[in-house]
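Enquirer: how would this look folded up:
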Amino acid sequence: MSTTTVGTPSLIRCPQDVVDLVNTHPARHSGLLVTLIALGGILIDAYQAATIGFGNKYIAAEFGISPGFAATINASVLVAALIGGLLANRVINAFGQRRAFVIGMGLCTLGAGAVAFASDLWMLLACRIIMGLGLGIDFPLATSAVAELRGASSKHSGTSVNLWQMGWYLSTTVVFLVLLPLHTAEVPDPQLWRMTILIGAGFGALVMLLRWVFIGESAMWAARTNRFDESCRILRDRYGVAAELAPDIQAARPDTVRIRGAYGVLFQPPYRRRTMLGCVVATMQAWQYNAVGVYLPLTLAGILAGGLSNALWGSAAVNALCGITGGAIGSLVVRRFGARRQSMVGFGLVVLALLTLGWIGKSNPWFALSLLGAIIFFHSSGPGGLGMTIATLSYPPSIRPAGVGFARAIMRSGAIAGLIFWPIVWQALGTDAFYWLALVPAVGFLTCALIDWEPIGAPVDAEDAAVLARVRQENVA
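Expert: Numbers count the residues shown, from 1 in each chain. The predicted structure is shown next:
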């Protein structure tokens, strides 16, 4: 049972008072387990992405299409997620955090379960679109919820938000650990992706249940919708703040509740530079990951001998030893180095590793495997998670879902490029394709070098009232 902090009550006169209290009082229970539950939709996103990357060639063979066209069909989930990301701000403002979580993950779970039984390309396409809409809605909610649990101005918030990258590789490792016993049990290879994605739908249902119990509603959203009694209850129960309503409480304006015009604010000073940095970092990291990370079994099969078993074992080892470790280390050190600088260093090291990998080629398979691991490590500890961390911590709460949703939507363009073009370029050029891929992190490196904005520890929540006033003026205009 939760208890209330004893002391002088904090009086709530307006929504900004709730924002300030949340910003300065981390939730009682905001440790690693609760953070991963909040980020659960991102874990499901990673699981399904890795499953589809593995199954791409089997999907192509089953439906009689080229691997490139199969990748295009699979990329429909990213196009739908782009749309879902742009809808996330509207969904959370209409339904609140708790029900929006159910909507997003419910669509994903429904679509994933149906994908496992898709009998033709049209059904596969429709199910992937449903999944994508759910995943697109879920991501901004997840990172915003984590920022609210820790307080956005705290440097610990950057650590917590960036844990989604460690969770991503934890989830992709689970995919290969699910595939291995299925393969050992002599499940036909063409059916492996269907069984694995169906198991992922079960994981999605579990995430919905855990979130409903442990995450709950947003105190900030409740205040913006004039549910101040609910805000005070959440502040007492979740944050240990003795909050009471002031006699002269000011109700939120209806036009600020809708947050129309939020996307326009993202491209006005001082947010324009923040938006550009977050979007470019997120997009370039997604491009490099969806080329190397998603298709890791395909790449390893072309480098290592031993067939599917060795490719799966190699993929699991690279994700566990390099991805999870890199994500954990990146989250721990981001408070010291900052999100921008850490992203820049990560991009630069990935460029060097890709160029070396293109030069080595197949001449030394184990060294090539080590370089692939290095790419995953530098990606995971560097820009892999920090694009979304930058987007999450660059905006005050009222426009945070819009900022994260927009960055995530733009990021999907990079993911689509990697997902569609890498099988084509790999088939045409082999290991020489790594030379061309090195251009992607090079763009990310230059962007980080040119835009000097550091969100870690920045008091952006204090800007909330001013942003709401700006949005109100735009709505009137």
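Enquirer: how about the nearest residue to D120, chain neighbours excluded?
Expert: The shortest distance from D120 to any non-neighbouring residue, by Cβ to Cβ, 6 or more residues apart in numbering, is to F63 (7.5 Å). Using the backbone N, CA and C atoms, a C-beta is placed for each residue, glycine as well.
Enquirer: I'd guessed the one you found sits against S119; true?
Expert: No: shown here, F63 and S119 do not form a contact pair, counting by Cβ atoms under 8 Å, at 9.9 Å.
Enquirer: the more surrounded of these two?
Expert: F63 (15 against 8; other Cβ atoms under 10 Å).
Enquirer: roughly how far apart are that one and F69?
Expert: Going from F63 to F69 by Cβ to Cβ, to the nearest Å gives 9 Å.
Enquirer: cool, M166 as well?
Expert: In terms of Cβ to Cβ, M166 sits 34 Å off from F69.
Enquirer: how about T109?
Expert: 27 Å.
Enquirer: so between these two, which is more surrounded?
Expert: T109 (24 against 15).
Enquirer: pLDDT score assigned to the more buried one?
Expert: On pLDDT, T109 comes in at 92.
Enquirer: ok, and the closest non-adjacent residue to it?
Expert: Nearest to T109 is G204, by Cβ to Cβ, 6+ apart, at 3.6 Å.
Enquirer: correct me if wrong, but that neighbour is in a helix.
Expert: Yes: the assignment for G204 is a helix, going by DSSP: H, G, I helix; E, B strand; the rest coil.
Enquirer: neighbours around it, how many?
Expert: 28.
Enquirer: per-residue confidence at it?
Expert: On the pLDDT scale, G204 gets 90.
Enquirer: and it, how far is that from G293?
Expert: In terms of Cβ to Cβ, G204 sits 21 Å off from G293.
Enquirer: who's in contact with L107?
Expert: By Cβ atoms under 8 Å, 6 or more residues apart in numbering, the contact list for L107 reads 130-131, 133-134, 137.
Enquirer: list just the nearest of the residues you listed to L372.
Expert: M131 (27.5 Å; Cβ to Cβ).
Enquirer: quick check on that closest one: phi, psi?
Expert: Here is the backbone geometry of M131 (degrees, to the nearest 10): phi -60, psi -50.
Enquirer: mind checking which helix or strand the residue nearest to it when sequence neighbours are not counted is in?
Expert: Leaving aside its chain neighbours, M131 sits nearest to G111 (3.4 Å; criterion: Cβ to Cβ, 6+ apart). For G111, the host element (DSSP states H and E) is helix 76-115.
Enquirer: ok, Q250 touching L11?
Expert: No: contact criterion Cβ under 8 Å: Q250 and L11 do not qualify, at 11.8 Å.
Enquirer: now L11, what's its secondary structure?
Expert: Going by three-state DSSP: L11 is strand.
Enquirer: what bridges to it?
Expert: E244 (DSSP bridges).
Enquirer: pLDDT at it, what is it?
Expert: Looking at L11, the pLDDT reads 82.
Enquirer: quick one, what contacts it?
Expert: Here L11 is in contact with 17, 243-246 (criterion: Cβ under 8 Å, 6+ apart).
Enquirer: list buried residues within those residues.
Expert: 17, 243 (16 or more other Cβ atoms under 10 Å).
Enquirer: buried ones in stretch 12-30?
Expert: 12, 14-23, 25-27, 30.
Enquirer: where do the helices sit along the stretch 51-200 of the chain?
Expert: Applying DSSP state H, counting those that start in this stretch to the stretch 51-200 of the chain gives helices spanning 67-74, 76-115, 121-150, 155-184, 189-214.
Enquirer: a markdown table please, covering the ones you listed and showing distance to S398.
Expert: Converted to a markdown table, the helices of the stretch 51-200 of the chain look like this (distance: least, Cβ to Cβ, whole Å):
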| stretch | distance to S398 |
| --- | --- |
| helix 67-74 | 35 |
| helix 76-115 | 9 |
| helix 121-150 | 11 |
| helix 155-184 | 17 |
| helix 189-214 | 22 |
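Enquirer: wait, which of these is closest to D229?
Expert: When the helices of the stretch 51-200 of the chain are ranked by proximity to D229 (Cβ to Cβ), helix 76-115 comes first, at 14.5 Å.
Enquirer: buried residues, that closest one. List them.
Expert: Buried positions in helix 76-115, judged by neighbour count with 16+ other Cβ under 10 Å: 76-82, 84-93, 96-98, 100-101, 103-115.
Enquirer: now tell me which helix or strand of the chain has the poorest mean pLDDT.
Expert: The helix or strand of the chain with the poorest confidence is helix 254-258; it has a mean of 49 (mean pLDDT, DSSP states H and E).
Enquirer: would you mind writing the CA trace of stretch 404-422 as CSV?
Expert: Taking C-alpha atoms only, stretch 404-422 is exported to CSV below (Å, rounded to 0.1, in the frame of the first residue of the first chain):
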residue,chain,number,x,y,z
VAL,A,404,8.5,12.2,-30.0
GLY,A,405,5.8,11.1,-32.4
PHE,A,406,7.1,13.3,-35.1
ALA,A,407,10.7,12.2,-34.6
ARG,A,408,9.6,8.6,-34.5
ALA,A,409,7.6,9.1,-37.7
ILE,A,410,10.5,10.7,-39.5
MET,A,411,12.8,7.9,-38.1
ARG,A,412,10.6,5.4,-39.8
SER,A,413,11.8,6.7,-43.2
GLY,A,414,15.3,5.6,-42.3
ALA,A,415,14.0,2.3,-41.1
ILE,A,416,12.1,1.8,-44.4
ALA,A,417,15.2,2.6,-46.4
GLY,A,418,17.3,0.1,-44.5
LEU,A,419,14.7,-2.6,-44.5
ILE,A,420,13.9,-2.3,-48.3
PHE,A,421,17.3,-1.5,-49.8
TRP,A,422,19.7,-3.5,-47.8
